[in-house]
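Colleague: Generate coordinates for the sequence data below:
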Amino acid sequence: MIAWFVASVFAGDVVDATCPADAGWLDGHQHLRALSLDLRGVVPSPEDEARLVDGEVPEDLVDEWLDSPEFAQRVVRHHRSLLWNNVSNLTLLTNNAYLSSVNGIYWRRNLADEYRGKSEQHCGDFPATLDVNGRPVGIPTGDGGVEEGWVEVHPYWDPDPDGVVKICGFDAQTAETSPLGTDCSSLQGLSDPYCGCGPELRTCAISSYHREVAYGFGEDVDRRVASMIEQDRSYLDLLTGTRGFVNGPMVHFYKYQSEMPGGARFVELPVDADVLPDLAFTDSDTWVEVDLGPQHAGVLTSPAWLLRFQTNRARANRFYNSFLCQPFQPPDGGIPEAADGSLTLDLTTRDGCKYCHALLEP
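Modeller: I've put the predicted structure just below:
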C-alpha cells in the first residue's frame, strides 16, 4: 500500500482524501462491545451479552463496569499518557554511592583513593582485622597504598535475613558521624575515610537499585489516580490533594539516601520522615497511603512529576497540553520576520518567543 501511495503521488495521481461515510448507529451488540472495550479493555462475555434488554445496554451493567478494577486501570493508563510518570531512566544517587564487585567482593571504586591512598586499590581477599574502635586495619602494600580485608554484612536489599555479602572493610563502616564530625549519610561523607555504607550498607546501592525506587515514584502516581476512581473522589483531589503512596524502596530512599543525590537534589523531602511507615527496602509490594502535608498539590508536586519535568517552564508546558488542552502554537500566519525585538533576553517580549513565554514565564 505504501509503495502504491508513493508511486501515485509521483505519477501525479490525485489521492481521494474524503472521509468514509458515517456508518450510522451501532446495534445493541456492537454498542455493548464498544463500551466494554472502552471501559474495561476486554470484549464482553456471553453473560454480558445475555443482559441486553430489547437490544439495549442496561444502565446497571454500565454502572458495574464503571465500578470495576478494570475501569480504574483504564483511567490509570490514560493518565500515564498525560503525566509521563515513568522516570525509570533516572539515576537517583551519585556514582560514589554505587557498589561494584571484584572477585565477589563489593567495594566503591571511586572512594579507593580516600580509603587506601591509591585509586583503583581494592581490598585484599582475606577477612579484615579490626582495631579497638572497630575500624578495619589497613596493611601497607609497599607502593604507597594500604589494603584491608573484607567483612560479611547482611545487605538491606536481600530478603533473606540470613543472607550476607562480602564487602571491603572500609566501605562497610557503620558510623553515622565520623570522628571529623561529618554526617556519613551526606555527600560530604563520601570524601571522609571514616565513613562507609552504614548499617546493612543502607546508604549505598547496587546497579539495579534505582529502578526499584524510580518505579515506586511512578506507581505512586498510578495509585493516586486509581484511588480517585475506586473511592469516587473529586477529580480536583488528583490535582490539589495531599494524599500519596509509599512502598519499601521509597521509604528507604527517603530515610537514608536522599542526601546523596545524582542529577536531581531532593532539597526538601516530599514527605515528612515522621509519617513514613516502618517498611524495609524489600517491602516493594507493600503500599501505604500517607498524608504529604499542606505544601502539596496532588500529582503536580509528586516526585515523578517534578523529576520528569525538572523546570517550572517544562511543568507549565506539560500542564497546558495535558489538562487545559492548550498546546502552544505559533500565531496564525506564522512568526513575523525578526526585528529589534528579537535581540531582547526577555522571552516574554522577544519576537518568535513571546507567544508562548508570555504565559509560561509568570
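
Colleague: C-alpha from now on. contacts and neighbour counts both.
Modeller: Will do.

Colleague: Would you map out the domains in this protein?
Modeller: According to automatic domain parsing, the chain comprises the domains 28-58, 95-204, 209-314, 328-360.

Colleague: Quote the end-to-end distance of the last one.
Modeller: I take that to be domain 328-360. 10 Å (CA to CA, to the nearest Å).

Colleague: Same question for the first one.
Modeller: Criterion CA to CA; first-to-last residue distance in domain 28-58 is 10 Å.

Colleague: How about the third one?
Modeller: Between the opening and closing residues of domain 209-314 there is a gap of 27 Å (CA to CA).

Colleague: Mind jotting down where the strands sit in the stretch 251-362 of the chain?
Modeller: 288-291 (DSSP state E, counting those that start in this stretch).

Colleague: can you pull out the helices in it?
Modeller: Applying DSSP state H, counting those that start in this stretch to the stretch 251-362 of the chain gives helices spanning 303-308, 312-322, 354-360.

Colleague: Go through the second one and flag the buried ones.
Modeller: Buried residues in helix 312-322, defined by neighbour count with 16 or more other CA atoms under 10 Å: 315-319.

Colleague: any chance of those in a markdown table, plus distance to Gln30 and pLDDT?
Modeller: A markdown table is the format used below for those (distance: CA to CA, whole Å; pLDDT from 0 to 100):
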| residue | distance to Gln30 | pLDDT |
| --- | --- | --- |
| Arg315 | 41 | 92 |
| Ala316 | 41 | 90 |
| Asn317 | 39 | 91 |
| Arg318 | 36 | 93 |
| Phe319 | 36 | 92 |
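
Colleague: What does Val165 show for phi and psi?
Modeller: When quoted as degrees, to the nearest 10, the phi and psi of Val165 stand at phi -130, psi 160.

Colleague: pretty sure it contacts Glu152?
Modeller: Yes. Counting by CA atoms under 8 Å, Glu152 is a contact partner of Val165 at 5.4 Å.

Colleague: any weak-confidence spans in this protein?
Modeller: 1-20, 23, 338-342, 362 (pLDDT under 70).

Colleague: rewinding a little: between the helices of the stretch 251-362 of the chain, which one is nearest to Pro249?
Modeller: helix 303-308 (13.7 Å; CA to CA).

Colleague: which residues of the stretch 51-200 of the chain fall in strands?
Modeller: For the stretch 51-200 of the chain, the strands defined by DSSP E, counting those that start in this stretch cover 100-102, 105-107, 139-140, 146-147, 150-153, 165-168.

Colleague: Out of these, which is closest to Glu337?
Modeller: Taking the strands of the stretch 51-200 of the chain one by one with CA to CA, strand 100-102 is closest: 55.8 Å.

Colleague: Can you list the strands that the closest one pairs with?
Modeller: Its sheet considered, strand 100-102 pairs with strand 105-107 (antiparallel) by DSSP bridges.

Colleague: ok, residues contacting the strand it pairs with?
Modeller: 99-101, 122, 125, 150, 165-168, 171 (CA atoms under 8 Å, 6 or more residues apart in numbering).

Colleague: from the residues you listed, which would you call buried?
Modeller: For the contacts of strand 105-107, a burial check counting by 16+ other CA under 10 Å picks out 99, 122, 125, 150, 166-168, 171.

Colleague: Find the residue closest to Pro331 in space, skipping its chain neighbours.
Modeller: Once flanking residues are discounted, Pro331 sits nearest to Tyr355: 7.2 Å by CA to CA, 6 or more residues apart in numbering.

Colleague: Now the element after the longest helix seen in the chain, going C-ward?
Modeller: Longest helix in the chain by number of residues, with DSSP state H as the criterion: helix 209-230. Using DSSP states H and E, the helix or strand that follows helix 209-230 towards the C-terminus is helix 236-240.

Colleague: buried residues in that following helix?
Modeller: 237-238, 240.

Colleague: Would you format those as CSV with distance to Gly218 included?
Modeller: Shown next, in CSV, are the buried residues of helix 236-240 (distance: CA to CA, whole Å):
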residue, distance to Gly218
Asp237, 18
Leu238, 15
Thr240, 18
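
Colleague: closest to Trp25 among the residues you listed?
Modeller: Leu238 (35.1 Å).

Colleague: how many neighbours does the residue lying closest to that closest one once chain neighbours are set aside have?
Modeller: Nearest residue to Leu238, sequence neighbours excluded (CA to CA, 6+ apart): Gly298, at 5.1 Å. Neighbours of Gly298 under the rule other CA atoms under 10 Å: 19.
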